[in-house]
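Colleague: Quick one, fold the following:
(one chain, ligands or ions: 3)
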Amino acid sequence: MAMAINTTLLFTPEAMAKVDARVIASGIPGPELMRAAGASVVACLLSSWPNVARAVVLCGPGNNGGDGHIAASLLAAFGVPVLRHGYAPRSGTDAAAASATCEHAILPLGDYRPLAGDVVIDALFGAGLDRAVGAEVAAVIGRIAEAGTPVLAIDLPSGLSGRTGRPTGPVISAERTVTFAGLKPGHVLMPGRELCGVTTLADIGMPARLVASDDPLWINGPHLYGPTLPRREAADHKYSRGHLAVMSGPLISGGAARLSAMAGLRIGAGLVTLGTPPGAVMAQSAHLTAIMQHRVGSSADLAAWLSDPRLSALVLGPGFGDLEKARDYAKVLANARRYLVLDADGLTAFAGRTGELGDMFAGETRLVITPHEGEFRRLFPAIAEDETLSKVDRARQAAALLNAVVVYKGADTVIAASDGRAAINADAPPWLATAGSGDVLSGVIGGLLAQSMPIFEAACAGVALHGAAASQAGPGMTAEDLAGLVRPPAV
Ligand SMILES: NC(=O)C1=CN([C@@H]2O[C@H](COP(=O)(O)OP(=O)(O)OC[C@H]3O[C@@H](n4cnc5c(N)ncnc54)[C@H](O)[C@@H]3O)[C@@H](O)[C@H]2O)[C@@H](O)CC1
Ligand SMILES: Nc1ncnc2c1ncn2[C@@H]1O[C@H](COP(=O)(O)OP(=O)(O)O)[C@@H](O)[C@H]1O
Ligand SMILES: [K+]
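Modeller: Residues are numbered from 1 along each chain as shown. Ligands and ions are numbered 1, 2, ... in the order given. Next up is the predicted model:
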């Protein structure tokens, strides 16, 4: 049978419930899926904790508990000492049938006292969690954390929302999580990714054609952007590979634009030019070699420069300083129908004025914004304060509001387009949290846009390749190192 896990799409609990229903309607019985799910949990437990003294299954009332009952009976059959604590399933359900396969009594949840050598299997709540866990569950979560007992979570650590990646209240912190058929946003959005520990995706025999979703939400990766990466041709010349401009700030803050420009050149733009205010030209000249300069002191200078049609994409914001000028320049760029990566000061310039920015960039999408958490809150306070929204929801709403591609940065960067497509980047290393790394990202995306990559794909590729360069650099990386290591993949 075709591989029955989907490693590219992300499934909200609602989308996964539809998959479950489709699979069961196709003729594969629910108890069969539950047996496979329980078996995959046992395989993970025995390979990760071969010396387990006691497997303690904490079982909830639903199907997540059902997976736990299967795991308990298999472990007992393998001779592993097993304890069950928790809630009895409702009679007549798949979980009740699963529970009946295990001889061990289900002891009250509150009676569990961790012992050295225990491994807890968390089968309390999974995709069905819809509120904060109650006091009894909270107390056992507290005891497990205090004792440092390792936890293997089934599907999701109990208390973690699979949709938002945020706890609904007290939450289990797992060392490992086994989930089925496809990842959920909660496995990759922060802090969910940390609470899951190492997440394994298990094949429980769902036919691949049914593990699908009409929600366009993916893990970021080459499956999204690979086919549209710029191709190298033997007859290439520098102008055929695109011309990127990066607007420089004044004397005191010109380094940010240089980082961005260097990254644009390394990612493959044929030419990169700094648009520099007159007072900073000399200082920038002292630092530049392959990167060129053009004097830009006013909107009129910028408009005149844009009469060169080869200048196809621009970056505005890193170290730019002058917020009013940033707004004026953005307007000139929008009127000239250029692709724009708006970052840093370019974003702050539009705090309280997102309507204006959206109006400027109406029509074909030509704007990418790259806010970090603080910039996002400044630009979209109402969206940021709505606690019901996930980071994906927030990025999608912002993208629709501005008719832009939104790169909502962080350890779990979300890339969203105004048509609803969204991707979560889940493998960027933490040493990216260093001054100037965001400037490099804006240049990478700008460089890909200059090479005519479609805008959503350019943003996805930019985020992935930025993370890959950081992984290659390793801990201790500075933004200069990062800009030096950015490379286009060979295509
Ligand atoms: N149906 C299927 O095809 C499969 C389901 N699987 C398992 O089924 C799980 C989902 O099962 P369920 O939909 O039964 O949901 P859960 O077992 O996650 O939750 C059960 C019920 O608990 C109640 N509940 C939710 N939050 C609560 C809270 N904070 N305090 C107290 N009660 C709460 C809700 O009424 C919910 O329906 C998945 O996470 C997965 O482990 C797997 O067995 C694979 C196949
Ligand atoms: N903990 C982290 N793990 C992975 N990536 C991170 C982390 N913190 C920040 N980043 C990434 O590093 C970059 C920082 O950008 P930004 O906050 O704009 O910094 P700066 O303004 O100093 O350039 C973004 O691409 C962001 O996604
Ligand atoms: K669980």
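Colleague: burial count for H187?
Modeller: Neighbour count for H187, taken as other C-beta atoms under 10 Å: 26. In short, each C-beta sits where N, CA and C put it, glycine included.
Colleague: give me the element it is part of.
Modeller: helix 185-188 (DSSP states H and E).
Colleague: So which elements touch that helix?
Modeller: Counting by 3 or more C-beta pairs under 8 Å, 6 or more residues apart in numbering; DSSP states H and E, the packing neighbours recorded for helix 185-188 are helix 192-196.
Colleague: What residue in the stretch 301-450 of the chain comes nearest to ligand 2?
Modeller: The nearest approach of the stretch 301-450 of the chain to ligand 2 comes at G438, 2.2 Å away (C-beta to the nearest ligand atom).
Colleague: sorry, back to before: can you list the residues that contact the helix holding H187?
Modeller: By C-beta atoms under 8 Å, 6 or more residues apart in numbering, the surrounding residues in contact with helix 185-188 are 10, 12, 156, 160-165, 177, 179, 192-193, 196, 199, 217, 219, 390, 392, 412, 424, 426.
Colleague: Ligand 3 versus the residue of the stretch 301-450 of the chain closest to ligand 2, what's the distance?
Modeller: 36 Å (C-beta to the ion, to the nearest Å).
Colleague: And E457, by the same measure?
Modeller: For E457, the distance to ligand 3 - C-beta to the ion - is 35 Å.
Colleague: repeat for G182
Modeller: From G182 to ligand 3 the distance is 16 Å (C-beta to the ion).
Colleague: sorry, back to before: how much distance is there from the helix or strand the residue of the stretch 301-450 of the chain closest to ligand 2 falls within to the middle of the chain?
Modeller: Element membership for G438, per DSSP H and E: helix 437-450. Centroid displacement of helix 437-450 relative to its chain, using C-alpha atoms, centre = their mean, to the nearest Å, is 18 Å.
Colleague: so what does the following helix or strand past it touch, helix or strand wise?
Modeller: The helix or strand immediately downstream of helix 437-450 is helix 455-473, counting by DSSP H and E. On a contact count with 3+ C-beta pairs under 8 Å, 6+ apart, helix 455-473 meets helix 222-225, strand 367-369, strand 405-408, strand 414-416, helix 437-450, helix 479-485.
Colleague: Which one of these lies nearest to I24?
Modeller: Distance to I24, taken as C-beta to C-beta, is lowest for helix 222-225 among the helices and strands packed on helix 455-473, at 27.8 Å.
Colleague: Please state the offset of that closest one from the chain centre?
Modeller: The mean C-alpha position of helix 222-225 is separated from the chain mean by 14 Å, C-alpha atoms, centre = their mean.
Colleague: Please identify the buried residues of that helix?
Modeller: By neighbour count with 16 or more other C-beta atoms under 10 Å, helix 222-225 contains the buried residues 224-225.
Colleague: Between the two ends of stretch 174-188, what distance do you get?
Modeller: End-to-end distance of stretch 174-188 (C-alpha to C-alpha, to the nearest Å): 14 Å.
Colleague: got it, and stretch 211-225?
Modeller: End-to-end for stretch 211-225, by C-alpha to C-alpha: 22 Å.
Colleague: repeat for stretch 363-371
Modeller: Terminal-residue distance, stretch 363-371 (C-alpha to C-alpha): 22 Å.
Colleague: OK, contacts around F361?
Modeller: Counted by C-beta under 8 Å, 6+ apart, F361 has contacts 334, 340, 367, 402-404.
Colleague: Using CSV, lay out these together with neighbour count, pLDDT and distance to ligand 1.
Modeller: Shown next, in CSV, are the contacts of F361 (neighbours: other C-beta atoms under 10 Å; pLDDT from 0 to 100; distance: C-beta to the nearest ligand atom, whole Å):
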residue, neighbour count, pLDDT, distance to ligand 1
A334, 18, 98, 46
L340, 26, 98, 43
L367, 24, 98, 39
L402, 25, 98, 36
N403, 20, 98, 37
A404, 25, 98, 35
